[in-house]
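Chemist: Structural data only, the sequence is not supplied:
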């Protein structure tokens, strides 16, 4: 059993509450589409290298008429990093013990005109404490209106806290969500941030606003596009695009690496992979 201090408990409570609201909204969209799909919740526990309890989480997953595959996971884990991995984590070289809590979401959509999406916010503790996360839009068939609306909502969330946040974090997203072996972006960008430390209250407020911004704008985009007609050519574009998504998540994604290196639940770690993809 992990003992949480006040900051860790507050972060965990928020991530779990956000998960519940997101899942309820996605289920409501399925109802609007005439589907009775709902989330299934699968709890899991982590055992660290000493055999002691290392926390765990709940994997929420749903397949429906609109959301072909969506996962919304919350985890709260602790333990010790391996000596090699500790060298790459701020504050862990001095002491390998860590705590992490966060929410991670990936949605792959049935209609090629509805963009896939990723959102993650997290709070990590070593000998240092920081927030990280972001959100990015991944359309197989891009629409300028959707991209602009998504960025505008994230821009507003950033501006409420620091005028430098959006320029910094959107540039970081463009650099991070990039497939260097293909020379293309994974999607239409968004924001990516990490290592916000030293001011817990301010940075926790920002992490909450990122979650609120996502919950506000993405369902709007889904509802605007989910009834758009499509054909075989559109599906081919979707499946080919998903191949690029798989390549990024398996080769470059930090969250995937962190989960594998810390003994996370493999189904939760790889829930980001689409149900179908193609390479030609």
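Modeler: Structure's in. What do you need? Being a predicted model, the structure only gives us computed values, none of them experimental. Numbering: from 1, shown residues only.
Chemist: list the buried ones in the helix or strand hosting residue 17?
Modeler: Per DSSP states H and E: residue 17 is located in helix 6-32. The neighbour-count check on helix 6-32 (16 or more other C-beta atoms under 10 Å) flags 8, 10-12, 14-15, 18-19, 22-23, 26-27, 29-30 as buried. For the C-beta atoms, the positions are set from N, CA and C on the backbone; glycine is no exception.
Chemist: among those, which two are most distant?
Modeler: Maximum pairwise distance among the buried residues of helix 6-32 (C-beta to C-beta): 33.3 Å, between 8 and 30.
Chemist: Could you report the neighbour count for residue 137?
Modeler: 26 (other C-beta atoms under 10 Å).
Chemist: Same check on residue 61?
Modeler: 18.
Chemist: Enumerate every residue touching it.
Modeler: Going by C-beta atoms under 8 Å, 6 or more residues apart in numbering, residue 61 touches 39-40, 42, 69-72, 271.
Chemist: Ok, residue 69 next?
Modeler: 61-63, 107-108, 274-275.
Chemist: Pretty sure it sits in a helix.
Modeler: No: the assignment for residue 69, made by DSSP: H, G, I helix; E, B strand; the rest coil, is strand rather than a helix.
Chemist: how close does it sit to residue 112?
Modeler: 14 Å (C-beta to C-beta, to the nearest Å).
Chemist: quick revisit: averaged pLDDT, the helix holding residue 17. What do you get?
Modeler: Averaged across helix 6-32, pLDDT comes to 98.
Chemist: In its sheet, which strands sit next to the helix or strand that that helix is followed by, and in what direction?
Modeler: Counting by DSSP H and E, the element after helix 6-32 in chain order, helix or strand, is strand 40-47. Paired with strand 40-47 in the same sheet, following DSSP bridges, are strand 53-62 (antiparallel).
Chemist: And the strand it pairs with, what's buried?
Modeler: Quick answer for strand 53-62 (16+ other C-beta under 10 Å): 54-62.
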